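1. kindly return the folded structure for what I paste below:
(one chain, ligands or ions: 1)
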Amino acid sequence: MKVLVTGGCGFIGSHTCVELLEGGYEVVIVDNLSNSKKDVVNKIETITNKKVKFYEVNVCDFKELDKIFETEQIDAVIHFAGYKAVGESVSKPIMYYRNNLDSTLTLIEVMSKHNVKRLVFSSSATVYGDPEKLPITEDFPLHTTNPYGTTKLMIEMILRDLYKSDNEWSIALLRYFNPIGAHKSGLIGENPNGIPNNLMPYIVKVANKELPQLSIFGNDYVTKDGTGVRDYIHVVDLAKGHIKAIEKVSKDRGIDAYNLGTGKGYSVLEIVNTFMKVNNVDVPYKIVERRPGDIAACYASTEKANKILGWKAELEIDEMCKDAYNYVINNK
Ligand code: UDP
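-> Residues are numbered from 1 along each chain as shown. Next comes the predicted model:
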């Protein structure tokens, strides 16, 4: 079975390609390298000792995408490609809507043309906004607080309309919680451009002395220690969830959303302290004001993914912290 992976050179995409190849799937990557490097393709091949087909193409480009579908016999698609920085989406909303919606619409049109109707879409827990209670189940009300999140929610809605219009589609909407960590090999991991926005990439840069100290955004939330609580999931566990989703869309028609998280919430302080302990490294920090738009706590109910996809995250927080640092040490 051949799977086309858009954004396959990115953080979650590259780990998913590794799991696909190790599971015996053939992989075709389409990535315009706007936020990744071509070298990732070689790394995926080194880890798996298998070949990957790579096309440097923008998913918004109908003609080029169409050619790929003409050349390759694609059975299913995992769609990762998209802009993903929350802050940037607030300052450049139109760029986010244009890119994330256009790429998805183009992809759907090309898939329809070639009668490929199995799709796994990278959504996000951000579609739950500030949840009224925890843990979050998939039937919670959906609302967003920034343009990035809105593109994810709009695409979910577009895909639901698509399925209503044509019941031959099989679509899994995967709502990711907070992916961190890296592949054990230290060859692939998270590599954000510039100063990171997310917690783990920031911690890693502080540990590596590339940044002087971490700012912890608020310690007056109603949480275990006052700092924000999130459901951090090892990217390799997350990648494995995609294999289960591919199995599901290959088997049954329909459209459904699944939370991919661990079901456990950790505070910022717990993450920082665990990171320092398992890596035996210092991460200086200071407490600062809350970051606008942040919520106090967020973690998944993983029951649906567990029951329907037969998937469960296995790696613990120690592993996530170790692997995140190992990737940086390895790529100094
Ligand atoms: N956070 C922090 N300092 C940072 C980045 C993040 O204290 O430099 C906190 C943030 O307030 C939140 C948690 O870490 O409570 C996770 O933030 P991240 O941006 O990684 O994910 P998201 O907020 O999108 O869940």
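2. enumerate the residues of the stretch 51-200 of the chain near the ligand.
-> Proximity of the stretch 51-200 of the chain to the ligand, by CB under 6 Å from any ligand atom, involves residues Asn178, Asn197, Asn198, Leu199. No exception for glycine: its C-beta is placed from N, CA and C like everyone else's.
3. hang on, the third one packs against Pro179?
-> What that stands for is Asn198. No. Counting by CB atoms under 8 Å, Asn198 does not reach Pro179; the two are 9.3 Å apart.
4. quick one, which of those two is more surrounded?
-> Shown here are Asn198 and Pro179; by other CB atoms under 10 Å, Pro179 has more neighbours (23 against 16).
5. hang on, the more buried one packs against Phe11?
-> Yes. Pro179 is within contact range of Phe11, at 7.1 Å (criterion: CB under 8 Å).
6. quick one: the strands in the chain?
-> Per DSSP state E, the chain carries strands over the ranges 2-6, 26-30, 53-55, 76-79, 118-124, 170-176, 178-180, 214-217, 229-230, 232-234, 254-260, 266-267, 285-288.
7. dump the ones you listed to a markdown table, plus mean pLDDT and distance to Leu134.
-> Output for these, formatted as a markdown table (pLDDT from 0 to 100; distance: least, CB to CB, whole Å):
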| stretch | mean pLDDT | distance to Leu134 |
| --- | --- | --- |
| strand 2-6 | 99 | 32 |
| strand 26-30 | 98 | 36 |
| strand 53-55 | 98 | 41 |
| strand 76-79 | 98 | 28 |
| strand 118-124 | 98 | 17 |
| strand 170-176 | 98 | 15 |
| strand 178-180 | 98 | 14 |
| strand 214-217 | 98 | 19 |
| strand 229-230 | 98 | 9 |
| strand 232-234 | 98 | 15 |
| strand 254-260 | 98 | 12 |
| strand 266-267 | 98 | 13 |
| strand 285-288 | 98 | 24 |
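8. output the ones you listed as JSON lines; include the columns distance to Thr46.
-> Conversion of those to JSON lines gives the following (distance: least, CB to CB, whole Å):
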{"stretch": "strand 2-6", "distance to Thr46": "17"}
{"stretch": "strand 26-30", "distance to Thr46": "14"}
{"stretch": "strand 53-55", "distance to Thr46": "14"}
{"stretch": "strand 76-79", "distance to Thr46": "21"}
{"stretch": "strand 118-124", "distance to Thr46": "24"}
{"stretch": "strand 170-176", "distance to Thr46": "26"}
{"stretch": "strand 178-180", "distance to Thr46": "22"}
{"stretch": "strand 214-217", "distance to Thr46": "32"}
{"stretch": "strand 229-230", "distance to Thr46": "32"}
{"stretch": "strand 232-234", "distance to Thr46": "21"}
{"stretch": "strand 254-260", "distance to Thr46": "26"}
{"stretch": "strand 266-267", "distance to Thr46": "32"}
{"stretch": "strand 285-288", "distance to Thr46": "35"}
